[in-house]
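Asks: structure for this input, please:
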Amino acid sequence: MLNLIKHLKPFALTIIFIIILLFIQALCDLSLPGYMSDIVNVGIQQGGIKDAVPEVMRLRELNKITLYLNEEDKERVKTYYNLLTKSSLSADKYKAYVKKYPGLETESLVELKDIDNKQRDELNAIFGRAILLVTEINRLGLDSNQLAQTSPLVIEEFKNRAGQKLALMEESMINQAAMNYLRQEYKTVGFDVDKLQTNYIFVTGLWMLLVTLLSVAATITVSFLAARMAAGLSKKLRGHVFRKVVSFSHTEFDKFSTASLITRSTNDIQQIQILMVMLLRIVFYAPILGIGGVLKVLNSGFSMAWIIGVALAVILIVVITMFSVVMPKFKLVQKFVDRLNLITREILTGTMVIRAFNNQNYEEQKFNTANTDLTRTNLFVNRVMAFMMPIMMLIMNGIALLIVWVGAHQVDQGVIQVGHIMAFIQYAMMIIMAFLMISMVSIMLPRAAVSAERVAQVLETDIAIKDAQDLELFLPECRGRVEFQNVSFRYPDAQADVLSGINFVARPGQTTAIVGGTGSGKTTIINLLLRFYDVTGGRILVDGADVRNVPQHELRQKIGYVPQKALLFAGSIKSNLQYGVESATESELLRAASIAQILDFIQGKPEGLDAEIAQGGANVSGGQRQRLAVARALVKKPEIYIFDDSFSALDFKTDAALRRALKEETRDSTVIIVAQRINTIMNADQIIVLDEGKIVGIGTHDKLMQDCEVYRQIALSQLSEEELAL
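Replies: This is a model prediction of the structure:
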């Protein structure tokens, strides 16, 4: 998985921006429980009064409160309030204040000055306990003024006894308990407490809505960017894999099956794409949310933080248990996918053979076995994942029930408020969901890790056929000359050579034919010339340069190759003929088609050159495929023509006409023909006879009939002595 990180460099800025957005989203989500707690605690329970600091009150009530303050606190309180009396205000100001506070008409009031948050916190600590003392005195039916005239020791003793009770209460509970006093005082001075409550709930709700909208915007943006980045990475990986596979030689193709390469280019990269979306959208977000939730809980001072620890411990036990069960199965899934693709491809490409041998039942059984293995493994994994979600939901609901149970007792004891319990439940759910999201993605991680490893194997495969660092130049005076100098070759990991001591020269204007029994090495010679493999001994010269020391592109540009199995690509006749030379004109294409004896077929089509060719040329016959492949090579007008048993599907009449036309067209080029039929190469300038990877004869037809027993046996097995003109 780490091997693919280097491919993320082009998306570094996008990833950084996504992380910033995830922090914004987490901050928004983590602030919502606080707003909800404020609405419940302050907006509903406290009537919109945020703290124990009076905004306005009667002067005599302020004096009652200051009675239970020390001298320092008394002076601080006095400096933070303005006295409102008829005598201290101008007429206009007095009318304005009476309209705002009708109680000013009957007695003197005090109004809080503009203070900062720090000063407000100081006053809140002072007023909260003092207001509760006044409330307790009123509840006992005592007169504060009479109490003030008693000995200071009596007041101090009363403060100490009340202080012992207050010490058991949380600061928030003290402030909440003081709200009833303030609410009644506001009503007395004519302050609209109902409007105060409505405004607080409305403003806080509006902030919640704005924060939610910001969170939604961040979520949508992250999802869009994550999907776009993952798709971009997927596209880039597919491009890298495709370019790598295209550069593979036969050595690399021997390591990877075609079905496996297709799976790695599609399904495996798709798994990586899905994982990248999950990583950017969930895995990066979950720790931010989880850690933020824990910090919120710890900073809030809740005494129920231990519940979070219990929940996480239970979740970890469940996740670890399920991981140990599921992970080995994920490693099998991709292997079963490869096998299913391989079997499916074999069945589809070999349908005709399967039907001819009436072997449908056998192939169906083979497919069903692979399909059942994959299905069974996927079902097992999905069932475990389906079993995991109910367990997690049970844990979450159980934790919520535990929080309510413990919190209810603490509310009853005056330790915590209802809004705080609601906020704590939400924080707990966020923390649990963060771990749940990570665990769910972690279950997907093994499969994606296997896919990433399989893709990395392709990208990191060392290509056997590479261009040399010190390149040679083709020699103009040797144009078209092909020379094998003591060439030997063995396949990778093979024990013996398949070719040894191969020496011959093919010259321009000559036709060199290669014949031999099955497995004698004819096609291997062609593969070495095209540098699909590199020789293990000796060297091959083209235009006087070693093929290993010239650019592969330039080498193959000199060669027109018609393979043993003629392959056409999906498209049109025109696109197939222009495959080697995109700029070829229509007249050039028709001329090549005429030489290849395929012009009548093209002209017989209503669409002409634009007639459709199915994948692999499935909608044309074998002979038509071969002739179109020959025409494709002719359009290229190369220095060297290679025909690897390219006329086997032609009838004798078409074969003879094609060879006559080819001889005229290729008179200045080097022609190398691999053939099985002796009658097609009897007129070659030189014939090379192979037997078990060695040259056992080289010369003209007449010479070989006299001097080479292997050639003579091949010839007599196909033609009579009269036909051979003995």
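Asks: for this protein, what helix or strand is lowest in average pLDDT?
Replies: Ranked by mean pLDDT, DSSP states H and E, the weakest helix or strand in the chain is helix 144-149, scoring a mean of 54.
Asks: show me this protein divided up by domain.
Replies: 56-190, 233-459, 476-558+640-645+668-726, 562-637 (automatic domain parsing).
Asks: and the shortest one, end to end?
Replies: Meaning domain 562-637. By C-alpha to C-alpha, to the nearest Å, the extent of domain 562-637 from end to end equals 13 Å.
Asks: do the same with stretch 507-518
Replies: Start-to-end span of stretch 507-518 (C-alpha to C-alpha) is 26 Å.
Asks: how much space separates residue 216 from residue 23?
Replies: Distance from residue 216 to residue 23, counting by C-beta to C-beta, to the nearest Å: 16 Å. Quick note: C-beta positions are derived from backbone N, CA and C, even for glycine.
Asks: neighbour-wise, which of the two wins?
Replies: Higher neighbour count among residue 216 and residue 23: residue 23, with 15 against 12, using other C-beta atoms under 10 Å.
Asks: could the domains of the chain be laid out in CSV, adding distance to residue 225?
Replies: Listed next are those as CSV, based on distance: least, C-beta to C-beta, whole Å:
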stretch, distance to residue 225
domain 56-190, 37
domain 233-459, 8
domain 476-558+640-645+668-726, 39
domain 562-637, 36
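Asks: got any ranges where this structure has weak pLDDT?
Replies: 1-4, 136-177, 300-303, 331, 334, 412-415, 442-443, 720-726 (pLDDT under 70).
Asks: which residue is nearest the centroid of it?
Replies: residue 273 (2.2 Å; C-alpha atoms, centre = their mean).
Asks: quick one: it and residue 446, what's the gap?
Replies: 17 Å.
Asks: ditto for residue 535
Replies: Plainly put, residue 535 is 44 Å away from residue 446 if you go by C-beta to C-beta.
Asks: the more surrounded of the two?
Replies: Higher neighbour count among residue 535 and residue 446: residue 535, with 22 against 18, using other C-beta under 10 Å.
Asks: pretty sure the more buried one contacts residue 525?
Replies: No - using C-beta atoms under 8 Å, residue 535 makes no contact with residue 525, being 10.3 Å away.
Asks: what's the closest of the domains of the chain to residue 44?
Replies: domain 233-459 (8.1 Å; C-beta to C-beta).
Asks: please give the element, helix or strand, for residue 487.
Replies: Assigned by DSSP states H and E, residue 487 belongs to strand 482-489.
Asks: in the sheet, which strands lie alongside that strand, parallel or antiparallel?
Replies: Strands that pair with strand 482-489, judged by DSSP bridges, come out as strand 499-506 (antiparallel), strand 537-542 (antiparallel).
Asks: contacts for the first one?
Replies: With C-beta atoms under 8 Å, 6 or more residues apart in numbering as the contact definition, strand 499-506 has outside contacts at 481-489, 512, 521, 524-525, 528, 537-538, 640, 670-672, 686, 688, 693-695, 698.
Asks: in ChimeraX, select just the buried ones from those residues.
Replies: Buried members of the contacts of strand 499-506, defined by 16 or more other C-beta atoms under 10 Å, are picked up in ChimeraX with:
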select :481,482,483,484,487,488,489,512,521,524,525,528,538,640,670,671,672,686,688,693,694,695,698
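Asks: how about the residue nearest to the centre of the chain, what does it touch?
Replies: 230, 231, 233, 234.
Asks: ok, now which ones touch residue 191?
Replies: Counting by C-beta under 8 Å, 6+ apart, the residues that residue 191 touches are 55, 56, 101.
Asks: show me the contact partners of stretch 221-231.
Replies: 11, 14-15, 17-18, 21-22, 25, 273-274, 276-277, 280-281, 285.
Asks: may I see the buried residues of that stretch?
Replies: Neighbour-count burial for stretch 221-231, counted by 16+ other C-beta under 10 Å, picks out 222, 225, 226, 229, 230.
Asks: how much space separates the third one from residue 19?
Replies: Note on residue 226: its distance to residue 19, by C-beta to C-beta, is 11 Å.
Asks: how about the last one?
Replies: As defined by C-beta to C-beta, residue 230 lies at a distance of 15 Å from residue 19.
Asks: was I right about residue 648 contacting residue 680?
Replies: No - using C-beta under 8 Å, residue 648 makes no contact with residue 680, being 9.0 Å away.
Asks: who has more neighbours, the two?
Replies: More crowded of residue 648 and residue 680, by other C-beta under 10 Å: residue 680, with 22 against 16.
Asks: picking that back up, among the domains of the chain, which comes closest to residue 658?
Replies: Minimum separation from residue 658 across the domains of the chain (C-beta to C-beta) falls at domain 562-637, 4.9 Å.
Asks: off-centre distance for that closest one?
Replies: Distance of domain 562-637 from the chain centroid (C-alpha atoms, centre = their mean, to the nearest Å) equals 41 Å.
Asks: please renumber so the chain begins at 226
Replies: I'll keep to 226 as the first residue from here, and by that count the last item is domain 787-862.
Asks: got the contact list for the closest residue to residue 457 other than its chain neighbours?
Replies: Among residues not flanking residue 457 along the chain, residue 236 sits closest, at 6.5 Å (C-beta to C-beta, 6 or more residues apart in numbering). Going by C-beta under 8 Å, 6+ apart, residue 236 touches 454, 457, 458.
Asks: export those to TSV and tack on secondary structure?
Replies: Shown next, in TSV, are these (DSSP: H, G, I helix; E, B strand; the rest coil):
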residue	secondary structure
454	helix
457	helix
458	helix
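Asks: right, and the helix or strand after the helix or strand hosting residue 286?
Replies: According to DSSP H and E, residue 286 maps onto helix 284-291. Next along the chain after helix 284-291, taking DSSP H and E as the criterion, comes helix 296-304.
Asks: next, the buried residues of that following helix.
Replies: By 16+ other C-beta under 10 Å, the buried positions in helix 296-304 come out as 298, 299, 302.
Asks: thinking the first one is in contact with residue 351, fair?
Replies: Yes - in this structure, residue 298 is within contact of residue 351 by C-beta under 8 Å, at 5.0 Å.
Asks: about what we covered before: for the strands paired with strand 707-714, which one sits closest to residue 819?
Replies: Nearest of the strands paired with strand 707-714 (C-beta to C-beta): strand 724-731, 26.4 Å.
Asks: so residue 791: helix, strand or coil?
Replies: Following three-state DSSP, we place residue 791 in the coil state.
Asks: and it, how far from residue 852?
Replies: Shown here: residue 791 relative to residue 852, a distance of 8 Å by C-beta to C-beta.
Asks: look at those two and report which has more neighbours.
Replies: Between residue 791 and residue 852, counted using other C-beta under 10 Å, the more crowded position is residue 852 (27 against 23).
Asks: tell me, how many residues neighbour the residue lying closest to the more buried one once chain neighbours are set aside?
Replies: Closest residue to residue 852 in three dimensions, ignoring its sequence neighbours and counting by C-beta to C-beta, 6+ apart: residue 823, at 4.0 Å. By other C-beta under 10 Å, the residues close to residue 823 number 25.
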